[in-house]
Each structure stands twice: as C-alpha cells, then as structure tokens.
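Colleague: Predicted model follows, preceded by the sequence.
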Amino acid sequence: MSTETRPAETTERTLPPVDTAPLRRRRRQAAWVQAACVAVTLFMALPIVLIGLSAISSRAALAEFPKPFLPSEYSFDTLLAFFEATGTVPALGNSVLAGIYTVFWSLVVGAPAGYALARHAFRGKDAYQVFILLVRALPIVVLSVPLATMFLRLDVYDTVFAVTLVHTTLALPTTVLITASIFVSVPTDLEEAAQVFGCTRWQAARKVVVPLALPGLAASSIFTFVLSWNEILGATVVTLGHRTLPAQVLTALDEASTAYRFAGGFALILPALVFIAVMRRYLVNMWGTTLR
Amino acid sequence: MAEVVLRDLVKTYSGATVRATDEVSLEVADGEFMVLLGPSGCGKTTLLRMVAGLELPDSGQIVIGGKDVTYLEPRRRNLSMVFQSYAVFPNKNVAENIGFGLRVRGTPAADVRRKVEWAAQLLQLGPYLDRYPAKLSGGQRQRVAVARAIVMDADVLLMDEPLSNLDALLRLSFRAELKKLVGELGTTTLYVTHDQVEALSLGDRVAVMREGRIAQCDAPTSVYDDPANEFVGGFLGSPPMNFLTGTVERDGDGSRLDLGGQSLAVPHALSTFTGRTLRLGVRPEAIEVAGGDGALQGELQVLEPLGSSALLTTEICGQPVKVQAPPTFRAEPGGNLSLRIPPEACRWYDPETSLLLEVR
C-alpha cells in the first residue's frame, strides 16, 4: 500500500461545481408552505378580528367602511348595550355552567369507557366502538325532541341540567374515542410496574395513568367545552326561558340591532378562545414527554 | 429471601392455539440467580410474568417462600421487577421513582429517604435525584429501574431483559456491575434474556427454553459443554455447535463414524450403534486446524478475521462445519485443510430424538 494520504489525492482532482438548484427548490417550497399558512390563518382570524373591532367601536364607527386597523373611536357602548339587553347575563351564566357540567360528566362517564377500550379486549369491542359513534349519526333534532318531551315529564325541562344532559350525550362519543387513544399511548408497563410495587389497579390508574393522560384529557375537555358552548339547536329545543348564550343570541337576532349582533358574536367567541388559551399548556408536554 | 417453586405451569393466551408455557416446572433455590434463556416466543417472559402475577396461569402452581401465590395480586407477592422498557414513571423524579414502592407501602418518610440515598449511591445516581427521567440517558434510566427494584427488600427480584435496550458497550459494563450488585444483595433472582452471553455470565443456573418448555436447566458451563439436546447446542455459542451426520461402522476392534467418504474413530461404547446413523456435535473452538492422526479433510470456503480469532466456514464431506482458528491463521479459500476433532470434545446425539447420548 502507498503511504500517500487520501485527502491529498482528492484536492488535485477537479470536481464539478456545487449544484445549488436543489437547495433553491427546497427554499421555494418552504416559502410556499409559509404563504399557505399565512393565508389559512388570515382566513380564520379575519372574521374574529372584524367582530372584535366592531364590538369595541362606537355605534357611529360601526358603519365605517373600509374598516381601519384600530377603531377610530373606542367605545364599550356596543358591548354594554349587549350585556344590558334582557336575558344576556343569565344566558351567559347558563352557557358557562352547561359547558363546565358537560365537561365534568362526559369525563366521568367517558374516560372510564375510553380506558376500557384502550386496555381490555372484550367480546363485541369493535361493534361497541361503531355503536358509540351512532349517536352522532342522528340529527340533533331527532335526538332532542324526544328528550324534550321526556324532560317535560320529568320536570327538568328548561334547566341547565337538561342542556347538560343533551350536550353530554353529544360529547360522549368523541370523549370516549379521544380518551381511548390517550390511554393507549400510556405504556402498560408503567401500570404493571406500579402494581408490582404495591399499588392496586385503582391506585395504579390514579397515581400513574391519570397524571400521564392529563394533557390528553385537557385536550378532550377543550373539545367538549367548545362543543357545548357552540351548540344551539339542542339547547334551543330543551329550554325556553333559561337559554344558553348562543340560543339566546339566535332567538334575539331577528329584531336586534347591528351593534347587538357584533357584540353577541364577540361574546360568543371570547370565552372559547380564553378556554383554549388556558388549556393549551396542557396540550404541550408537561414533563418533557409529549402525549397526544 | 425465599425459594421459588413453579409446578406444571400451563398458560395459553386467548386466541392462541399453542401453549405459551407447557407444563413448566422449575425450582429456584433461596439466593440463587436463575436465568431463563431462549429465542423470542419461547415462553420465558410469560413465565416471569406469571411469577410476578401480571398473568395468571391456566393450571399449575407458583410457590414463593413456602406460600402459594398462584392467583395472588402482584402487590401481595413481595417481589420487585425491572422491566425491559425500564418503566420508570415519567411524571416522577429519580428520587420519587426509586422510593415509589416504599411510599406506597407506607414506609416512614425518613426511612424512604435513607433507602433511596443508599440505592442511589450504589447505582451512582446521587447527582440526579431531582431530575426527571426525560432528562436522563438510557443507561441512567436503567439504573433508576434497578434502584427502584432493590430498595424494596423483596423476596424475589424479577428482571425482564433489563439490558437489551442499552447499547453494546454500556451493556457490557452494566452486566458486570449487575452481577456484583445482585451477588452482594443475595436476593433470589429470575432473569429473562435472549442473549446467551448474558445468560452464561450472570446465571448460577441457566434454564434454556424452547416452545414453552424447558429444554435444559443446569449450571452455565454444563449447559454450554454438555447440551442436553441439539437445540441447546445450536442455540448457545457464537457460532453455535456444529452437527455432523454419519453412520457407525465396525473397524476391526474399534468403531468408526462414516461421514460420507471420510471417517472418524469413535469410542468403543458406540459399537452398540453399529449400522445406525448418529449425530456428532462439536464446538467450533474445539476443532484443531492442521493435521495429526485421524485428521479430516475439509474444504475452506470462507475466512472471516474477527480480531480475537479467525472464523472458518468449511465443508467436510459436504457437511458445513464452522471452525474457530487462531487470529493469525491465513489460508486461501478453496483449498483443503486438515481438521482434527478431539475425541473428548465430541458429543453424540440420537438423530430422531435429538437427545444427548450418554457416551464419552
């Protein structure tokens, strides 16, 4: 073998020039993706921004067109008018309560079902999974009219409780399926380790599985809360005087002023946004490990 | 400290047609380090999980320290376990992980702290007690899993392939450390692995498993030197034992094994098998290259220098034979080699049952 080193040999050879075309192609693609992201964001955010701007503009500024980026005149008249309108504040309370109750009950009922689906093989499991989704296949009207009749008979008609029941029914399928996928992602080993080291099945679930599933459970509850907050039809059918906010706004929409509409829209969007912003931190990792 | 007795354990998983363990019986003495070794799917992990109580047997019995635990919950068996995936709790820091079992048991906080510090010291985890597992390397996580298991003062320590997720170098150093650690603790240990080197190096005894049964259970040297059947010989060793098929023939006063063209002198005791086919098992490192009396001619096909030795793939009368030669050995493939198979290295197997014949 020769004693010459290889680098010395290669420097003497003439190499083709560096081809930057693939690099440029890659950059171009990245730019396109970026542009698409911006477009989608604008599409989603623009209505929210417009509604928000209108809600904090004075009545006079409402008619302005084109809209300035910042309102020419700040004024909370519009919002005040909306909140002073009959029924708004109680409806807001009803909506918040119905949302929280729905989250609570759908987790209490749905999470154990999701756990069972994730951990156990039982006869008819596949059929059960399809059957769960069946609720969503029914139009809400079909579901809520018989429920309304039943609520009337049971004397719970026109209560937050009735709305909660309808919303929980609607939320359960997704809660069960989402929590099932969350529990699947918590390794069985951890639960078994907990059991070997002295835990009962229940303790193992509480000390190990639930803390690890928390981010996913939070995501699931965001979903449920927003579902309940935005649901109109069912809530309208099973209530009369004690409406939730969307139902209230919808009923009042026909005879309402433009100001009321914008303020109403803003009031509907805001809590959902705040709720998502608060829960978002649970979606990302908590201990450096990311679960779905 | 306790002995473990397994009797006729049968387990069939639902939906499976074959038994995961098929009437397995095994006795592990107090303080003994027993290794369950076998290829994947041989039932070794199932056996361990039944001892842990994570699976229940269909029939059979498990006794730990004289107490029947066959259907007892895992937490009442007073054992601890190291999992293949480590299974350290990601939401607890190192100290909480190590002390988990003690705290569940209701041990006073001061005792927990003392024992956690003792285990952390032993496994060099002292500086990491406040860290979360996500911030630890694989080797450190493994140490946490071992520390968590040893603080329990359990009757039995179960380990399910604890080293298989570590990289080769780490595995080598941790293996020795583990042997020292368990030796000092003196806990009865059941250790599952598919790595034969690990099994031979760690075990007081090695139970080689195959298709839900124990093929052989003996001291590492016995399992290696006197494989009870062809499966064990072919599973242990790298490269594994060579097997040659031949017919026993009478030759004057003695007997010879005809390999199909060449023959080999065999012990007189084999004369009872005259006219019958036998299988000869011989370890690659026992075969001597270069001549002498009664050497066989083998064709060299491949020579692989492995650093510490040279591995030869040869053929004797059309039958493949691996030979481990000194590292300096050089020869051109295609040529013939003289190979001597020392009589004391020969093991004889019945070709029908694959079982070892008691002949020396």
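Modeller: Looks like it came in fine. Residues are numbered from 1 along each chain as shown, chains lettered A, B, ... in the order given.

Colleague: Would you mind naming what in chain B lies close to chain A?
Modeller: B:14, B:52-54, B:73-75, B:79-81, B:83-85, B:87, B:89-91, B:100-101, B:104-105, B:132-135, B:148, B:152, B:158 (CB under 8 Å from any CB of the partner chain). Heads up, the C-betas are built off the backbone N, CA and C, glycines and all.

Colleague: Can you go through the residues you listed and name the buried ones?
Modeller: Buried subset of the residues of chain B next to chain A (neighbour count, 16 or more other CB atoms under 10 Å in any protein chain shown): B:52-54, B:74-75, B:79-81, B:83-85, B:87, B:89-91, B:100-101, B:104, B:132-133, B:148, B:152, B:158.

Colleague: What is the burial count for the residue of the stretch 1-150 of chain A found nearest chain B?
Modeller: As assessed by CB to the nearest CB, chain B sits closest to residue A:121 within the stretch 1-150 of chain A, at 7.5 Å. Residues lying near residue A:121 (other CB atoms under 10 Å in any protein chain shown) number 8.

Colleague: For the nearest residue to residue B:133 once chain neighbours are set aside, give me phi and psi.
Modeller: Using CB to CB, 6 or more residues apart in numbering or on different chains and skipping residues adjacent in sequence, the residue nearest residue B:133 is residue B:88, 4.7 Å away. Backbone geometry at residue B:88, expressed as degrees, to the nearest 10, gives phi -80, psi 140.

Colleague: Tell me who's in contact with residue B:88.
Modeller: By CB atoms under 8 Å, 6 or more residues apart in numbering or on different chains, the contact set of residue B:88 is B:97, B:133, B:141, B:144-145, B:148.

Colleague: Tell me who's in contact with residue 155.
Modeller: This is for chain A. Here residue A:155 is in contact with no residues (criterion: CB under 8 Å, 6+ apart).

Colleague: Wait, chain B was what I had in mind.
Modeller: B:1-2, B:64-65, B:77-79, B:187-188.

Colleague: Low-confidence ranges, chain B, go.
Modeller: B:1, B:291-293, B:360 (pLDDT under 70).

Colleague: can you map out the helices along it?
Modeller: Using DSSP state H, the helices of chain B run over B:44-52, B:94-105, B:109-122, B:138-150, B:168-185, B:196-202, B:220-225, B:230-235.

Colleague: who wins for proximity to residue B:333 among those helices?
Modeller: Smallest distance to residue B:333 across the helices of chain B (CB to CB): 24.8 Å, for helix B:230-235.

Colleague: For beta bridges, what are the partners of residue B:339?
Modeller: residue B:289, residue B:296 (DSSP bridges).

Colleague: Tell me how many other residues crowd it.
Modeller: The tally of other residues near residue B:339 (other CB under 10 Å) stands at 23.

Colleague: Just confirm it contacts residue B:294, I think it does.
Modeller: No. Here residue B:339 does not reach residue B:294: they are 10.3 Å apart, not a contact under CB atoms under 8 Å.

Colleague: gap between residue B:340 and residue B:225?
Modeller: Applying CB to CB, to the nearest Å, the value for residue B:340 to residue B:225 is 19 Å.

Colleague: Kindly apply the preceding question to residue B:353 instead.
Modeller: According to CB to CB, residue B:353 and residue B:225 sit 20 Å apart.

Colleague: Give me the buried positions along the top helix by length along chain A.
Modeller: As assigned by DSSP H, the longest helix anywhere in chain A is helix A:21-55. By 16+ other CB under 10 Å, the buried positions in helix A:21-55 come out as A:51-55.

Colleague: pLDDT on it, on average?
Modeller: The pLDDT scores in helix A:21-55 average 91.

Colleague: Pull the distance from stretch B:219-228 to the chain's centre.
Modeller: Relative to its parent chain, stretch B:219-228 has a centroid offset of 11 Å by CA atoms, centre = their mean, to the nearest Å.

Colleague: brain fart, stretch B:339-352
Modeller: Taking mean C-alpha positions (CA atoms, centre = their mean), stretch B:339-352 and its chain are 23 Å apart.

Colleague: swap in stretch B:23-34?
Modeller: Using CA atoms, centre = their mean, the offset of stretch B:23-34 from its chain centre is 14 Å.

Colleague: repeat for stretch A:136-144
Modeller: For stretch A:136-144, the distance to the chain centre is 21 Å (CA atoms, centre = their mean).
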